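S.K.: Using only what follows, build the 3D model:
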Amino acid sequence: MNLFSELRSLVIRELDAMAAEGALPKGLDLSAVTVEPPRDPAHGDMATNAAMVLAKPAGLAPRAIADALAARLARDPRVTSAEVAGPGFLNLRLATAVWQGLVGQVLAMGAGYGRSDLGAGIKVNVEFVSANPTGPMHVGHVRGAVFGDALAELLSFAGHEVTREYYINDGGAQVDVLARSAFERYREANGLDPEIREGLYPGDYLIPVGEALKARYGASLLDQPEAAWLADVRRFATEAMMGMIREDLAALGVTMDLYSSEKAFYGTGRIEAALDRLRAAGLVYQGTLEPPKGKLPDDWEEREQTLFRSTAFGDDQDRPVQKSDGAWTYFAPDIAYHYDKVERGFDVLIDVWGADHGGYVKRMKAAVTALSDGRVPLDIKLIQLVKLMKNGEPFKMSKRAGTFVTLRDVVEQAGADVTRFVMLTRKNDAPLEFDFDKVLEQSKDNPVFYVQYAHARVASVLRRAAEAGIAADDATLRRADLTRLTHEAELTLAKKIGEWPRLVEIAARGHEPHRVAFYLYELASDLHSLWNRGNDDTSLRFVQEGDAATSQSKIALARAAGVVISAGLGILGVTPADELR
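M.R.: Next up, the predicted model:
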């Protein structure tokens, strides 16, 4: 149930009727017609841009269309007034009964309220985190993990078939460095001094890996040349790191549906197959690149390489996929991996990357466009940095990791729920400050507490009803006399509840889960405002002593708000609180 969609359908029907009667030309494109909340709530409950967007193609003045449409809309029993504003915007006010009835409908639908068929039949792959398997995840990965997981849940809530995927970058030189670093910890486990030379990973997290290697191999590798042990140690250490990463993700409440390995593309013909697909389209060729702009490096040497013609899709230059010595570039297995996703039948691909990968976006989008003949869009979401603060100063680095603050550091300090919510209080491409002192304080300035407190207040209302002997189960509440909800503050809360289905679709279309966090804060604010008014005006209290019928109508409103808060927090991966300590 989406009131905004229902009113838009009404507007479209009336526009069609106007065209049938000759008041508008037939065949107008109505796709740009919207019905949404007005910028100023004082102007009404909803506003439509119909007259503004149709004026030019219809060859009519916007005001003329708006006046005619207003007269028709005002005949609908749900609409109490339709007023033309400015050059032709049309503001609608809905009958109080509409908002009262919404409360009962929310309770009837329960957790299904707000879900839609927007994504019905659409398969979406959300690939996120994909951290190198060389150590524990750091705070930058936290934000990407939370964003990707919440986005996947949002899309699922909006009806999409979603796969959460992690791409293991285990095919590059970094896993060889991991193996050599783990080998030094293996030497340490065997009583030798480790040589953590420059370029190796220094973190203490590899000490248990070294001990596990000793348990597996004893001292048998100590006298072996690197060539003899590198592959085995690399495989062993990579598996150990992925085990750690899975545990880190679990601590944050993230579970992947699929882990894909970069290494699985090497030596299997899958890279070659992807490039052959591009070559057949005339998009792979042998050539040389221009030297870097600005200045010519002393060691610059023109070399013929295998290039992908990404400039055909708006990239700044063509990109190498195979070096002159026959080795693949980093881009080649990435092309093969995305081709694999296209071949698996996904309709939409979403990649969540760190902001430092921004220069890679155009070439990857170009490759997917070419591989799918433009059929499968790739949306790449860049995650900006997180600045950690504590006691007014930057949060210190983790000794365990050696060089950075880990995901576990953050979760252990703040908790998974707080961490997840705060990571979604800014749009993904905006920097975010995570202040450990502020995110744990109990105040309106802490959005996590503010929303959780609203849900806890709803739970407390239900407990008070039980203590007063008032039936407050959903089945009873949806049969309550909701016409008793007449106060402006009550209707304001009901109207905010009515925005939820529309918000879900907007957030899902834009791949913007932060919108859910913003909405929940606004909904919580309206609930707290109503609660606080009850401190001075006892008629607004949710439980009315000696008046079960009125209590049930007000409790129904609170419960409807709780349903939406619970659903929204579920999308964000945050557990609703029934009471706060």
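
S.K.: Could you chop this structure up by domain?
M.R.: 3-94, 174-251, 447-572 (automatic domain parsing).

S.K.: what would those look like in a markdown table with distance to Glu301, mean pLDDT and mean neighbour count?
M.R.: The C-beta positions use only the backbone N, C-alpha and C, and glycine is treated the same way. As requested, the domains of the chain are exported to a markdown table (distance: least, C-beta to C-beta, whole Å; pLDDT from 0 to 100; neighbours: other C-beta atoms under 10 Å):
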| stretch | distance to Glu301 | mean pLDDT | mean neighbour count |
| --- | --- | --- | --- |
| domain 3-94 | 54 | 95 | 17 |
| domain 174-251 | 25 | 95 | 17 |
| domain 447-572 | 42 | 96 | 20 |
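
S.K.: The residue most central in space within the chain is in what secondary structure piece?
M.R.: Centroid-nearest residue in the chain, with C-alpha atoms, centre = their mean: Leu151, separated by 2.7 Å. Per DSSP states H and E: Leu151 is located in helix 139-157.

S.K.: got the CA coordinates for that helix in CSV?
M.R.: Provided in CSV are the C-alpha atoms of helix 139-157 (Å, rounded to 0.1, in the frame of the first residue of the first chain):
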residue,chain,number,x,y,z
VAL,A,139,37.6,0.9,9.4
GLY,A,140,37.2,1.8,5.7
HIS,A,141,36.0,-1.7,5.1
VAL,A,142,33.4,-1.2,7.9
ARG,A,143,31.6,1.5,6.0
GLY,A,144,31.6,-0.4,2.7
ALA,A,145,30.4,-3.6,4.4
VAL,A,146,27.5,-1.8,6.1
PHE,A,147,26.6,0.2,3.0
GLY,A,148,26.6,-2.9,0.8
ASP,A,149,24.7,-5.1,3.2
ALA,A,150,22.1,-2.4,3.8
LEU,A,151,21.7,-1.7,0.1
ALA,A,152,21.3,-5.5,-0.6
GLU,A,153,18.6,-5.6,2.1
LEU,A,154,16.9,-2.5,0.8
LEU,A,155,16.7,-3.9,-2.7
SER,A,156,15.4,-7.2,-1.4
PHE,A,157,12.7,-5.3,0.6
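
S.K.: can you give me the helices in the stretch 151-300 of the chain?
M.R.: 174-189, 207-217, 226-251, 270-280 (DSSP state H, counting those that start in this stretch).

S.K.: so which of those helices comes closest to His357?
M.R.: Comparing these against His357 with C-beta to C-beta, the closest turns out to be helix 174-189 (15.0 Å).

S.K.: who are the neighbours of that closest one, in terms of helices and strands?
M.R.: Judged by 3 or more C-beta pairs under 8 Å, 6 or more residues apart in numbering; DSSP states H and E, helix 174-189 is in contact with helix 207-217, helix 226-251.

S.K.: before we move on, the earlier item: now the residue nearest to the centre of the chain: closest residue in space that isn't a chain neighbour?
M.R.: Pro513 (5.0 Å; C-beta to C-beta, 6 or more residues apart in numbering).

S.K.: measure the one you found to Gly144 for me?
M.R.: Look at Pro513 and Gly144: by C-beta to C-beta, to the nearest Å, they are 12 Å apart.

S.K.: show me the contacts for the residue nearest to the centre of the chain.
M.R.: Val126, Phe128, Ile350, Val352, Lys381, His511, Pro513 (C-beta atoms under 8 Å, 6 or more residues apart in numbering).
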